[in-house]
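K.L.:
Give me the fold of what follows.
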Amino acid sequence: MATPTASGAVVTSTVATASTSDFYNYNPTKTGASIVAILFVVVSLTHLIKVFRHRAWFFFPMIVGGVLECIGYVARVKSAQETPDWTEGPYIVQALTILVAPALVAATIYMILGRIILATDGETFSLVRKKWLTKIFVCGDVLSFFVLAGGSALLASKKESLLKLGQNLILVGLFIQIVFFGLFIVVSYLFHTRIHRNPTPISLSPNLNWQQALYVLYAASLLVMVRSVVRVIEYIQGTDGYILSHEVFLYVFDAALMFIAIAIFVLWHPSPMLGLDKRGKKGDSEWYPLGGTARP
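P.N.:
Next up is the predicted model:
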């Protein structure tokens, strides 16, 4: 509130309630957040249709990730409407959902590799056995998810120590994500090179487009990796850093990259490439690659 001094000058006092203005270092754009929210709704609904069409139940984590992205940007729309008196609720929701959504997208990417390995009957070429492949990477994903969620919940804290703890937890969560994703890319590449040198009989089938599925996987993985690296740099710079102070980075290096990573599987869905939608798949235990010794 403004109070006059003895000399008649007006001085603006800083009260505790004004700290809500510290949530953002800029005024969030309502239009940009609205457009991105709509895009994530469209791509998530499209994937939901494809899940039932191709019986690709393993795509549900990616759909949930898209929904969380949508929720995050809807929360940013709310924040934009509140400018400059932002409230804690929408800020926490957008921080939490936008940070953790990529972990769910990554979970589906991990499962796609497992299905490529099964479809090509190429488990012997994988650095990690199929039995452990999804478990290892999804466990790492879940760990990063909860660490990021815990850190995001502390971002709106008015205590400097808790705010710093939240930022450090987010950094740890992002580093966990990068390490596991980096290892995943190595496993994918080694499998690719090994089976390319010594192809299995089924991998030579003209009806099995496993290499195309892998290239789509690489593209999506690269997008998620770049997003995570930029996020790490953002939180290393801190709340007053250049990236966190300019909203454009959120849309270019997070929203756009994650949207493309999800949308790319709409254009090139792995189920038709691998023939998964023709095998009556109900679960890994009942699924066998074409040319296998058993059928569901």
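K.L.:
Helix or strand with the lowest mean pLDDT in the protein?
P.N.:
Comparing every helix and strand of the chain by mean pLDDT, DSSP states H and E singles out strand 10-12 as the least confident one, with a mean of 42.
K.L.:
Name the single longest helix found in this protein.
P.N.:
Longest helix in the chain by number of residues (criterion: DSSP state H): helix 160-197.
K.L.:
For whichever helix or strand comes after it, which residues meet the burial criterion?
P.N.:
Elements were assigned by DSSP states H and E; along the chain past helix 160-197, the next helix or strand is helix 210-237. Of the residues in helix 210-237, those buried by neighbour count under the rule 16 or more other C-beta atoms under 10 Å are 210, 213-214, 216-217, 220-221, 223-225, 227-228, 230-235. Bear in mind the C-beta positions are built from the backbone N, C-alpha and C, glycine included.
K.L.:
any idea which helix or strand comes after helix 210-237?
P.N.:
helix 248-250.
K.L.:
Could you list the low-confidence segments of the stretch 151-296 of the chain?
P.N.:
Residues of the stretch 151-296 of the chain meeting the criterion pLDDT under 70: 277-296.
K.L.:
Could you rerun that using 80?
P.N.:
Confidence mapping of the stretch 151-296 of the chain against pLDDT under 80 gives the ranges 156-158, 239, 276-296.
K.L.:
And for the stretch 1-150 of the chain?
P.N.:
Residues of the stretch 1-150 of the chain that meet the cut-off, pLDDT under 80, sit at 1-22, 130-131.
K.L.:
Quick one: the helices in it, in order.
P.N.:
Shown for the stretch 1-150 of the chain, the helices assigned by DSSP state H, counting those that start in this stretch span residues 30-54, 60-82, 88-119, 130-153.
K.L.:
possible to save those as a markdown table with mean neighbour count and distance to Leu274?
P.N.:
Putting those into a markdown table (neighbours: other C-beta atoms under 10 Å; distance: least, C-beta to C-beta, whole Å) gives the following:
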| stretch | mean neighbour count | distance to Leu274 |
| --- | --- | --- |
| helix 30-54 | 17 | 10 |
| helix 60-82 | 21 | 16 |
| helix 88-119 | 23 | 4 |
| helix 130-153 | 18 | 14 |
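K.L.:
right, and the ones you listed - which one's nearest His196?
P.N.:
Minimum separation from His196 across the helices of the stretch 1-150 of the chain (C-beta to C-beta) falls at helix 88-119, 12.7 Å.
K.L.:
tell me the angle the closest one makes with helix 130-153.
P.N.:
Between the axes of helix 88-119 and helix 130-153, defined by axes from the mean of the first three to the mean of the last three C-alpha atoms, to 10 degrees, the angle is 170 degrees.
K.L.:
Start and end of stretch 49-60, how far apart?
P.N.:
With C-alpha to C-alpha, to the nearest Å as the measure, stretch 49-60 spans 11 Å from end to end.
K.L.:
what does stretch 235-253 give?
P.N.:
Looking at stretch 235-253, the gap from its leading to its trailing residue is 14 Å under the measure C-alpha to C-alpha.
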